[in-house]
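[1] I would like the atomic coordinates for the input below:
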Amino acid sequence: MDTLPSNAPWHRANPSPHPKPDTWRNWAGNVTSRPVRVVSPTSVEELRAVVRRAAEDGLPVKAVGTGHSFSTAAATDGVLIRPDRLGGIRAIDPEAGTVTVEAGTRLKAMNTVLAQQGLSLTNMGDIMEQTVAGATSTGTHGTGRASGAIAAQIRGLELVTADGSLLRCSATRNPEVFAAARVGLGALGVVSALTFAVEPLFLLAAHEEPMTFDAVTAAFDELHAHNDHFEFYWFPHTDNCVTLRNNRTVGPHAPLGRLQAWFEDEFLANRVFQALNSVGRAVPAAVPAIARITSQGLSARTYTDIPYKVFTSPRRVRMIEMEYAVPRAAVLDTLRELKAMIERSDLHISFPVEVRTTPADDIALSTASGRDSAYIAVHVYRGTPHHRYFAEAERIFVAHEGRPHWGKLHTRDAAYLANAYPRFAEFTALRDRLDPDRRFTNAYLRRVLGD
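    Below you'll find the predicted structure:
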């Protein structure tokens, strides 16, 4: 293995511990933990020292990003590593088409710098508040006919392993680690840096259009085939959907006006939607009427902008989410069953259901590993009961060979996931080799990967 020894000399600066460990909460507020220590390393050398000290003290270690996962993937009662001081761009190589960034770098910061340099990722998810390591480790994805999740764009990474060594890997350097660690769930070590493929900055023509449920599902295969990036939202208790089509274009650059963007994306999509959800939480019987009003108020819009300004949008309304990947060929049957379940129940669902797609990739625990996939995401407003809705939705997803998003709520365990992922045993064998003492484990990993 290509490693730096754990006793390699370096400048010995003390990692920055938070003076009094407190309860850690994720973004949605549904996950809390009380670590023994909370540490913010300022360098890779300090990060290695943190891992070694945790081993000496017999404590588990977990790194956490911005807490945008809904699962307990990052929760620990041991040492919690905060990446807020381990961020920044290490190198940009336009000729090689790569950017190397520290693990704690936020996607927003990376995208902004890349755009300034005339570069861009090929595809990304719909928010950019996460750290690069947190987003990739849990399998964050967007939608795309031929372009995959963020992790599929990784060309190299650094991993601090259980003994404090630094392991570098790529498709040609420790390829067996590279095949797994791009979506590593924090189970193989702590990611310290990532190298992504980038390309010259391009423009996307965005077209958003309301359609009925029957119309969008009847045309789904065509819409998927003829758009670079296609997704849609269905509003429960209605037959209304909104479709989003993003395609590469030579321009001209025609972004949304600042007033229009603020009114539609901040005021309507966040502030008004927040208020309506608050009403629905207080008066559940009002939810179907609110859904009809909200969905009927949607209108078409078209604009052209650089990728991260099209792919991403502000998401300020706190919610709880479950998302499953199913084989792309099964998505319409799955969605129709979900719709029928909601309609025959007494559930009141105020959030739309989101549908996206990605092509197959070669990452061991990617939700698109080895198969073209479609994603169905269900949400509820924070503070709204979700257990029955999610349980019924999960039953449908599982019946269609669904794979749960690692960063979102689900109840699957290692026995189920070993059958869902052809390369599951490959991942767990690598975990046994890199972390035999389970330095990086927690309750979530014990459930989904086994002991």
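[2] could you pull out the helices for the stretch 201-350 of the chain?
    213-218, 220-225, 258-261, 273-282, 287-296, 307-311, 331-344 (DSSP state H, counting those that start in this stretch).
[3] Out of those helices, which one sits most buried?
    Compared across the helices of the stretch 201-350 of the chain, helix 307-311 shows the largest average neighbour count, a mean of 21 (mean count of other C-beta atoms under 10 Å). (Each C-beta comes from the backbone N, C-alpha and C, glycine too.)
[4] Report all helices and strands that that one contacts.
    Where contact means 3 or more C-beta pairs under 8 Å, 6 or more residues apart in numbering; DSSP states H and E, helix 307-311 is packed against helix 107-116, strand 203-212.
[5] For this protein, which residues score under the pLDDT cut-off?
    Across the chain, the ranges flagged by pLDDT under 70 are 1-21.
[6] Thr238: neighbouring residues, count only.
    As a burial measure, Thr238 scores 17 neighbours (other C-beta atoms under 10 Å).
[7] Now do the phi/psi pair for it.
    Torsion angles at Thr238 (phi, psi; degrees, to the nearest 10) stand at phi -140, psi 170.
[8] any chance of the helices of the stretch 201-350 of the chain in TSV, plus distance to Val242?
    Converted to TSV, the helices of the stretch 201-350 of the chain look like this (distance: least, C-beta to C-beta, whole Å):
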stretch	distance to Val242
helix 213-218	9
helix 220-225	13
helix 258-261	17
helix 273-282	13
helix 287-296	8
helix 307-311	15
helix 331-344	15
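[9] For Gly97, find the nearest of those helices.
    helix 307-311 (15.0 Å; C-beta to C-beta).
[10] now that closest one, how far from the chain's geometric center?
    Remark: helix 307-311 is offset 16 Å from the chain centroid, using C-alpha atoms, centre = their mean, to the nearest Å.
[11] do the same with stretch 348-356
    With C-alpha atoms, centre = their mean, you get 17 Å for stretch 348-356.
[12] So the residue nearest the centre of the chain, which state does it fall into?
    Closest to where the C-alpha atoms of the chain average out (C-alpha atoms, centre = their mean) is Thr140, at 2.5 Å. Classification of Thr140 using DSSP: H, G, I helix; E, B strand; the rest coil returns coil.
[13] which stretches of the stretch 101-250 of the chain form strands?
    119-120, 154-160, 166-170, 190-197, 199-200, 203-212, 229-234, 240-249 (DSSP state E, counting those that start in this stretch).
[14] ugh, wrong one, I meant the stretch 351-451 of the chain
    353-358, 373-381, 403-404.
[15] partners of the longest one in the sheet?
    What that stands for is strand 373-381. Sheet partners assigned to strand 373-381 using DSSP bridges are listed as strand 319-327 (antiparallel), strand 353-358 (antiparallel).
[16] Could you export these as TSV, including distance to Ala219?
    Below are the strands paired with strand 373-381 laid out as TSV (distance: least, C-beta to C-beta, whole Å):
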stretch	distance to Ala219
strand 319-327	19
strand 353-358	13
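[17] For the ones you listed, give me CSV that also has mean neighbour count and distance to Asn246.
    Formatted as CSV, the strands paired with strand 373-381 follow (neighbours: other C-beta atoms under 10 Å; distance: least, C-beta to C-beta, whole Å):
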stretch, mean neighbour count, distance to Asn246
strand 319-327, 23, 20
strand 353-358, 23, 12
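[18] on that earlier part again, rebuild the helices and strands packed on helix 307-311 as JSON lines, extending it with mean neighbour count and distance to Ala54.
    As requested, the helices and strands packed on helix 307-311 are exported to JSON lines (neighbours: other C-beta under 10 Å; distance: least, C-beta to C-beta, whole Å):
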{"stretch": "helix 107-116", "mean neighbour count": "18", "distance to Ala54": "27"}
{"stretch": "strand 203-212", "mean neighbour count": "18", "distance to Ala54": "44"}
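[19] ok, back up a step: which of the strands of the stretch 101-250 of the chain sits closest to Asp93?
    Set against Asp93 and scored by C-beta to C-beta, the strands of the stretch 101-250 of the chain come closest in strand 190-197, at 9.0 Å.
[20] partners of that closest one, with directions?
    Here strand 190-197 has these sheet partners by DSSP bridges: strand 98-102 (antiparallel), strand 154-160 (antiparallel).
[21] Go ahead and name everything in contact with that strand.
    44, 47, 51, 61, 63, 81, 86, 90, 97-103, 110, 121-122, 132-133, 136-137, 150, 153-160, 166, 170, 181, 184, 440 (C-beta atoms under 8 Å, 6 or more residues apart in numbering).
[22] And for stretch 422-439?
    Residues outside stretch 422-439 that contact it (C-beta under 8 Å, 6+ apart) are 51, 54-55, 60-61, 161-162, 167, 176-177, 179-180, 187-189, 364-365, 369-370, 417-418, 421, 441, 449-451.
[23] Now the buried members of the residues you listed.
    Neighbour-count burial (16 or more other C-beta atoms under 10 Å) applied to these gives 51, 54-55, 60-61, 161-162, 167, 177, 179-180, 187-189, 364-365, 369, 417, 421, 441, 449.
[24] so of those residues, which ones are in helices?
    Val51, Ala54, Ala55, Val177, Ala179, Ala180, Leu417, Leu449 (DSSP state H).
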